[in-house]
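Undergrad: Predicted coordinates and the sequence they were generated for:
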Amino acid sequence: MPDIHNVILAPVQSEQSYAGLAYDRYVFKVAPDATKELIREAIKLANPGVTVLSVNTSTVKAKPKRRGAFLGTRSGYKRAVVKLKAGDTIQIFEGVH
């Protein structure tokens, strides 16, 4: 099993992801080759005592960006929306409401 720090890369910080906290949904950037089962196990290892009900994944496509004459792209990534059992919390999101 790969290291959990190579599976879960970072929490996604946006208004929509913070709104999901009220419904026990947490959003993370994950490795592009991470599977739902691997994400579930990584969340359980990083946060003992947490029950993961579901994991939904999606790929955020790269967006073209331009700043004056300079062209580039914003990098794409894979994200996972993790639904926890009611009352369970993940420590990194504590106090963010």
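TA: Sure, I can see it.
Undergrad: Next, find the distance separating the residue positioned nearest the centre of the chain from Phe70.
TA: In the chain, the residue lying closest to the centroid (Cα atoms, centre = their mean) is Phe28, at 1.0 Å. Look at Phe28 and Phe70: by Cβ to Cβ, to the nearest Å, they are 31 Å apart. For glycine as for every other residue, the C-beta is placed from the backbone atoms N, C-alpha and C.
Undergrad: do the same with Asp88
TA: 45 Å.
Undergrad: ok, these two, which is more surrounded?
TA: Between Asp88 and Phe70, counted using other Cβ atoms under 10 Å, the more crowded position is Asp88 (15 against 7).
Undergrad: Quick check, pLDDT for that one.
TA: Listed pLDDT for Asp88 reads 86.
Undergrad: Double-check it against Thr51; I have them as touching.
TA: Yes: counting by Cβ atoms under 8 Å, Thr51 is a contact partner of Asp88 at 5.9 Å.
Undergrad: doesn't Val52 make contact with Arg40?
TA: Yes: assessed by Cβ under 8 Å, Arg40 is found in contact with Val52 at 4.9 Å.
Undergrad: which residues are common contacts for those two?
TA: Jointly contacting Arg40 and Val52 under the rule Cβ atoms under 8 Å, 6 or more residues apart in numbering are Val82.
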